[in-house]
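[1] Quick one, fold the following:
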Amino acid sequence: RPPQAGLKPEGFWVIIIGQEVGVFYCWSVLHALFYLYLTYNHNKRYPSFQQALHAYTVKYNERSVHA
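    Model prediction:
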(Lines give C-alpha, C1' and ligand atoms only; values in the text may rest on other atoms or scores of the structure.)
Protein backbone atom coordinates (compact mmCIF):
# COMPACT_ATOMS: atom_id res chain seq x y z
CA ARG A 1 0.00 0.00 0.00
CA PRO A 2 1.38 3.48 -0.79
CA PRO A 3 2.50 5.97 1.87
CA GLN A 4 -0.18 8.21 3.35
CA ALA A 5 -0.52 11.69 1.82
CA GLY A 6 2.12 14.00 3.22
CA LEU A 7 4.29 11.14 4.52
CA LYS A 8 7.78 11.10 3.06
CA PRO A 9 9.12 7.54 2.72
CA GLU A 10 12.29 6.79 4.69
CA GLY A 11 13.53 4.66 1.80
CA PHE A 12 12.29 1.55 0.05
CA TRP A 13 13.26 -1.86 1.37
CA VAL A 14 12.90 -5.07 -0.61
CA ILE A 15 12.21 -8.18 1.47
CA ILE A 16 12.47 -11.45 -0.46
CA ILE A 17 12.42 -14.08 2.31
CA GLY A 18 10.24 -14.10 5.41
CA GLN A 19 6.65 -14.15 6.56
CA GLU A 20 6.11 -10.75 4.91
CA VAL A 21 7.70 -10.15 1.49
CA GLY A 22 7.48 -7.14 -0.81
CA VAL A 23 8.52 -3.49 -0.96
CA PHE A 24 8.25 -1.53 2.29
CA TYR A 25 8.80 2.19 2.93
CA CYS A 26 8.74 2.59 6.70
CA TRP A 27 11.70 1.38 8.77
CA SER A 28 9.70 1.27 12.02
CA VAL A 29 7.33 -1.30 10.47
CA LEU A 30 10.26 -3.30 9.14
CA HIS A 31 12.03 -3.19 12.47
CA ALA A 32 8.99 -4.79 14.11
CA LEU A 33 8.84 -7.43 11.35
CA PHE A 34 12.55 -8.19 11.72
CA TYR A 35 12.08 -8.70 15.42
CA LEU A 36 9.20 -11.11 14.86
CA TYR A 37 9.80 -12.86 11.56
CA LEU A 38 12.65 -11.74 9.33
CA THR A 39 16.42 -11.94 9.11
CA TYR A 40 18.58 -9.02 8.10
CA ASN A 41 20.22 -11.10 5.37
CA HIS A 42 17.31 -10.89 2.97
CA ASN A 43 16.63 -7.20 2.64
CA LYS A 44 18.08 -4.23 0.80
CA ARG A 45 17.27 -0.52 0.80
CA TYR A 46 16.74 1.40 -2.45
CA PRO A 47 16.46 5.16 -2.95
CA SER A 48 13.34 4.96 -5.15
CA PHE A 49 10.23 2.85 -5.40
CA GLN A 50 10.97 2.10 -9.07
CA GLN A 51 14.40 0.66 -8.22
CA ALA A 52 12.97 -1.37 -5.35
CA LEU A 53 10.12 -2.72 -7.48
CA HIS A 54 12.54 -3.67 -10.25
CA ALA A 55 14.80 -5.52 -7.79
CA TYR A 56 11.83 -7.35 -6.27
CA THR A 57 10.50 -8.28 -9.72
CA VAL A 58 13.88 -9.70 -10.77
CA LYS A 59 14.05 -11.86 -7.64
CA TYR A 60 10.41 -12.90 -8.08
CA ASN A 61 11.05 -13.98 -11.68
CA GLU A 62 14.13 -15.91 -10.50
CA ARG A 63 11.83 -17.68 -8.03
CA SER A 64 13.92 -16.34 -5.16
CA VAL A 65 10.99 -14.83 -3.22
CA HIS A 66 9.84 -17.09 -0.37
CA ALA A 67 7.10 -16.27 2.09
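[2] And residue 11, how far from residue 23?
    10 Å (CB to CB, to the nearest Å). For the C-beta atoms, the positions are set from N, CA and C on the backbone; glycine is no exception.
[3] meant to ask about residue 63, not that
    Distance, residue 63 to residue 23, by CB to CB: 18 Å.
[4] Residue 57 too?
    Going from residue 57 to residue 23 by CB to CB gives 10 Å.
[5] With residue 47 instead?
    Taken as CB to CB, the span from residue 47 to residue 23 is 13 Å.
[6] repeat for residue 15
    8 Å.
[7] neighbour-wise, which of residue 57 and residue 23 wins?
    Taking neighbours as other CB atoms under 10 Å, residue 57 and residue 23 compare with residue 23 leading, 16 against 13.
[8] which secondary element of this protein has the worst mean pLDDT?
    Lowest by mean pLDDT, DSSP states H and E among the helices and strands of the chain is helix 27-36, with a mean of 66.
[9] any idea which helix or strand comes after that helix?
    Going down the chain from helix 27-36, the next helix or strand is strand 43-46, by DSSP states H and E.
[10] which other helices and strands contact that following strand?
    strand 12-15, helix 49-61 (3 or more CB pairs under 8 Å, 6 or more residues apart in numbering; DSSP states H and E).
[11] For residue 56, list the residues it contacts.
    By CB atoms under 8 Å, 6 or more residues apart in numbering, residue 56 lies in contact with 14, 16, 22, 23, 65.
[12] Quick check: which ranges of this protein have low pLDDT?
    1-3, 29, 31-42 (pLDDT under 70).
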